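Enquirer: I'd like to go over a predicted model; first the sequence, then the structure.
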Amino acid sequence: MDGRVLISSIILVAGMILLLLGIGHNALTQGMSFADDNKALLLVLGIVFTLLGLTGFVYFLYDVLKRDDEECRNASVADYKDTTNFSANKKSAAAPFGDTP
């Protein structure tokens with residue numbers, strides 16, 4: 001997997017955790033108390049990090065899949081050219097003097 005996808009997924013997860021902390025999710029904030037200013041800051045940072053991570057994750061994942069698809073297509077075209085050259089070489093080997101068999 002590409003490193004860019006991994007980094008953007010880490011940013012996405014950090015953003016979701018910050019978002020949940022900013023909302024005041026009960027299971028995450030048990031035993032913690034945040035001031036209203038801190039909750040608003042966590043909420044804004046969570047939204048920004050989540051959007052940034054999601055955008056990066058989708059874009060980089062699309063880029064990786066597109067690159068793999070292009071490599072696969074180029075490999076299959078190269079294999080096809082090799083097989084057509086093989087059949088042309090086989091015909092010329094069967095008739096070395098230009099005679100058709």
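Expert: Yep, that arrived. Numbering: from 1, shown residues only.

Enquirer: contact partners for the residue nearest to the spatial centre of the chain?
Expert: Centroid-nearest residue in the chain, with Cα atoms, centre = their mean: residue 61, separated by 1.5 Å. By Cβ atoms under 8 Å, 6 or more residues apart in numbering, the contact set of residue 61 is residue 5. Using the backbone N, CA and C atoms, a C-beta is placed for each residue, glycine as well.

Enquirer: from residue 67, how far off is it?
Expert: Per Cβ to Cβ, to the nearest Å, residue 61 is found 11 Å from residue 67.

Enquirer: just residue 11 next, same as before
Expert: Separation of residue 11 from residue 67 (Cβ to Cβ): 21 Å.

Enquirer: neighbour count winner among those two?
Expert: The neighbour count for residue 11 versus residue 67, taken as other Cβ atoms under 10 Å, is higher for residue 11 (20 against 11).

Enquirer: contacting residues around the more buried one?
Expert: Residue 11 neighbours (Cβ under 8 Å, 6+ apart): 49, 52, 53, 56.

Enquirer: chain neighbours aside, what residue packs nearest to the third one?
Expert: Spelled out, it's residue 53. Leaving out its chain neighbours, the residue that sits closest to residue 53 by Cβ to Cβ, 6 or more residues apart in numbering is residue 12, at 2.9 Å.

Enquirer: what residues does the one you found make contact with?
Expert: Per Cβ under 8 Å, 6+ apart, neighbours of residue 12: 49, 50, 53, 54, 56, 57.

Enquirer: what does the pLDDT read for the fourth one?
Expert: Which is residue 54. Listed pLDDT for residue 54 reads 93.

Enquirer: that one and residue 48, how far apart?
Expert: Here the distance between residue 54 and residue 48 works out to 11 Å (Cβ to Cβ).

Enquirer: select the longest helix from the chain.
Expert: Counting residues, the longest helix in the chain under DSSP state H turns out to be helix 36-94.

Enquirer: mean pLDDT per element in this structure, and the minimum belongs to which helix or strand?
Expert: helix 36-94 (a mean of 80; mean pLDDT, DSSP states H and E).
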